[in-house]
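Undergrad: I'd like to go over a predicted model; first the sequence, then the structure.
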Amino acid sequence: MNIKEFANMLNSREIDHEITHEEMRQARALGFVVVYGASDDLAEFCGAIYDEVGCNDGGNIYLNKDGLFQGCEHDRDCECKYLKTARDNCKIIEAVWGGEDGYSWTYKTDIPHATFEIMEDGEKYCRGIVFEIKELEEARERAITLGILETIELKYLHALGFKYIGRHEKGTVEAFKEMPVRSRNNGYDTWVIGSYPIRDFSLYGEIKLGEYCFITWDGGIVEIKTLINRPLDAQNLPGKALHQTGENLCYASVFALSVELAPPAIAS
């Protein structure tokens, strides 16, 4: 079954009877996400994403590979550069209240989707959508672009035994030799290996060259070996990068030049 066939199955149902529990399970198994309006201030998600988001009078809904992205959980008014970068890496569904063809709710998005109607007492109420969750995964893959400095740094760190990279809630990025877990320290959520206090600082690696804007706190930990074979950002040419960084490149330059940016053999 494809998304159009699934949407046709839901078409013309009455409000409060939009989808059955069995159909929700079926959508999840197929990797489909069903979106429709509830009341005058909610968008409901079911299937491969099971959640809801407030959208009083409409607004943008941000999604990434992990589902709904609703910003910083500790500061709803946060507009830091990391939040903006995270949103830039999201797909957007615009919820429109009362704006089209007599519907109370409609949705606009560039995510490939199929549509279905929900009725209220025989009148049009909502035009819902169905899309595949893999579209969000593919959007995430397209959003990751490594520059020359980040490639140099990741190759160097990987050669030293670092396997993972992540961004702490306060914004700093760090590399890890073992898989870290979320923990709270000094009022911020952060990534640690084991638990506080840190017992072995040799398991942590300092980030010096790259910004890694695609790595976010909400996005979780990224495995370094999945990154270092990705294509370079064509705008970040080696000559330009070497000229801009000057002395900051010295700790990795010998290693980088020796491998000429070729992907090293990756240990399993």
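TA: Done, it's in.
Undergrad: Now the nearest residue to V222 once chain neighbours are set aside: which helix or strand?
TA: For V222, ignoring the flanking residues on the chain, the nearest one in space by Cβ to Cβ, 6 or more residues apart in numbering is I165 at 5.4 Å. Placement of C-beta: from N, CA and C, glycine included. Following DSSP states H and E, one finds I165 within strand 164-167.
Undergrad: what's the helix or strand following that strand packed up against?
TA: Once the chain leaves strand 164-167, the next helix or strand it forms, by DSSP H and E, is strand 173-176. Counting contacts by 3 or more Cβ pairs under 8 Å, 6 or more residues apart in numbering; DSSP states H and E, strand 173-176 is packed against strand 164-167, strand 204-206.
Undergrad: quick one on the thing from earlier: the residue nearest to V222: how many residues sit nearby?
TA: When neighbours are defined as other Cβ atoms under 10 Å, I165 has 26 of them.
Undergrad: so who does it touch?
TA: By Cβ atoms under 8 Å, 6 or more residues apart in numbering, the contact set of I165 is 154, 157, 173-176, 207, 212, 215, 221-222, 224, 227.
Undergrad: Who does it form a beta bridge with?
TA: Assessed by DSSP bridges, I165 has beta-bridge partners A175, V222.
Undergrad: Centre-most residue in this protein?
TA: Nearest to the mean C-alpha position of the chain, counting by Cα atoms, centre = their mean, stands N64 at 3.5 Å.
Undergrad: Touching, it and D218? I think so.
TA: Yes - with contact defined as Cβ atoms under 8 Å, N64 and D218 form a contacting pair (7.5 Å).
Undergrad: what sits in contact with each of these two?
TA: By Cβ under 8 Å, 6+ apart, the residues touching both N64 and D218 are A86.
Undergrad: ok so, going back, ok, the residue nearest to the centre of the chain to A95 distance?
TA: N64 is 17 Å from A95, where distance means Cβ to Cβ, to the nearest Å.
Undergrad: try F32
TA: Taking Cβ to Cβ, one finds F32 at 19 Å from A95.
Undergrad: cool, Y125 as well?
TA: Distance of Y125 to A95, computed by Cβ to Cβ: 14 Å.
Undergrad: Look at the two and report which has more neighbours.
TA: A95 (24 against 20).
Undergrad: how about the helix or strand where that one lies as PDB, C-alpha atoms only?
TA: Element membership of A95 [criterion: DSSP H and E] is strand 91-100. Presented in PDB, the C-alpha positions along strand 91-100 are these (Å, rounded to 0.1, in the frame of the first residue of the first chain):
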ATOM      1  CA  LYS A  91      11.200  19.900   7.200                       C
ATOM      2  CA  ILE A  92       8.300  22.300   7.700                       C
ATOM      3  CA  ILE A  93       4.500  21.700   7.600                       C
ATOM      4  CA  GLU A  94       2.500  24.900   7.700                       C
ATOM      5  CA  ALA A  95      -0.800  24.500   9.500                       C
ATOM      6  CA  VAL A  96      -3.400  26.800   7.900                       C
ATOM      7  CA  TRP A  97      -6.500  27.700  10.000                       C
ATOM      8  CA  GLY A  98      -9.600  28.700   8.000                       C
ATOM      9  CA  GLY A  99      -7.700  29.800   5.000                       C
ATOM     10  CA  GLU A 100      -8.700  27.600   2.000                       C
END
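Undergrad: now for it, which elements pack on it?
TA: Judged by 3+ Cβ pairs under 8 Å, 6+ apart, the packing partners of strand 91-100 are strand 59-64, strand 103-109, helix 134-143.
Undergrad: Direction included, what does the helix or strand hosting V34 pair up with?
TA: Per DSSP H and E, V34 falls inside strand 32-38. Its sheet considered, strand 32-38 pairs with strand 42-47 (antiparallel), strand 123-132 (antiparallel) by DSSP bridges.
Undergrad: What are the buried residues along the first one?
TA: Burial within strand 42-47, assessed by neighbour count using 16 or more other Cβ atoms under 10 Å, is assigned to A43, E44, F45, C46, G47.
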